[in-house]
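Asker: I would like the atomic coordinates for the input below:
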Amino acid sequence: QVELVESGGGLVQAGDSLRLSCAASGLALNFNYMGWIRQAPGKGREFVGVLDRSAGGTLIADSTKGRFTISRENAKNTMYLQMSGLTPEDTAIYYCVAAEKIHMIVNGSPASWGQGTQVIVSS
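Answerer: As a prediction, this is how the structure comes out:
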């Protein structure tokens, strides 16, 4: 069973920071890549960032580069998305995802999805 469990979403004000967490377990631990995809109300899925679980390297989407970072805590099999300088345009459901290949996450078609965590940024 693949398990990706997000937490940390909530309602914040513009300019605030927020950290999302994603705990992986089960078969999710077999995937080489974990990442974040978001979906804003009425919009399509948008790649946010991806983590190479072996090497630790990350790739952040241009739209959030400089404001969002991804980190991990191997002992807890947990990935984090640190978000700063939030704007109302960052309002979305943020999904933790996992895949065998990096392009699957970048292209919005990962193998596994978490249930999502809502982030609302008020102006």
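
Asker: per-residue pLDDT, the spatially most central residue of the chain?
Answerer: Centroid-nearest residue in the chain, with C-alpha atoms, centre = their mean: Trp36, separated by 2.4 Å. pLDDT for Trp36: 98.

Asker: quickly note the distance from it to Asn74.
Answerer: 18 Å (C-beta to C-beta, to the nearest Å). No exception for glycine: its C-beta is placed from N, CA and C like everyone else's.

Asker: direction included, what does the strand or helix carrying Ser25 pair against?
Answerer: Secondary structure assigned from DSSP states H and E places Ser25 in strand 18-26. The strands beside strand 18-26 in its sheet (DSSP bridges) come out as strand 2-7 (antiparallel), strand 78-83 (antiparallel).

Asker: redo the ones you listed as JSON lines? Include distance to Ile102 and mean pLDDT.
Answerer: Formatted as JSON lines, the strands paired with strand 18-26 follow (distance: least, C-beta to C-beta, whole Å; pLDDT from 0 to 100):
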{"stretch": "strand 2-7", "distance to Ile102": "17", "mean pLDDT": "92"}
{"stretch": "strand 78-83", "distance to Ile102": "14", "mean pLDDT": "98"}
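
Asker: of these, flag the one that's most buried.
Answerer: strand 78-83 (a mean of 21; mean count of other C-beta atoms under 10 Å).

Asker: average pLDDT across whatever helix or strand comes next after that strand?
Answerer: Sequence-wise, the next helix or strand downstream of strand 78-83 (DSSP H and E) is strand 92-99. Averaged across strand 92-99, pLDDT comes to 97.

Asker: what residues does strand 92-99 touch?
Answerer: 2, 4-6, 9, 20, 22, 24, 28, 31-41, 43, 46, 48, 79, 81, 105, 109-119 (C-beta atoms under 8 Å, 6 or more residues apart in numbering).

Asker: quick one, it and strand 18-26 angle?
Answerer: Taking axes from the mean of the first three to the mean of the last three C-alpha atoms, to 10 degrees, one finds strand 92-99 and strand 18-26 inclined to each other by 30 degrees.

Asker: thanks again, I'm all set now.
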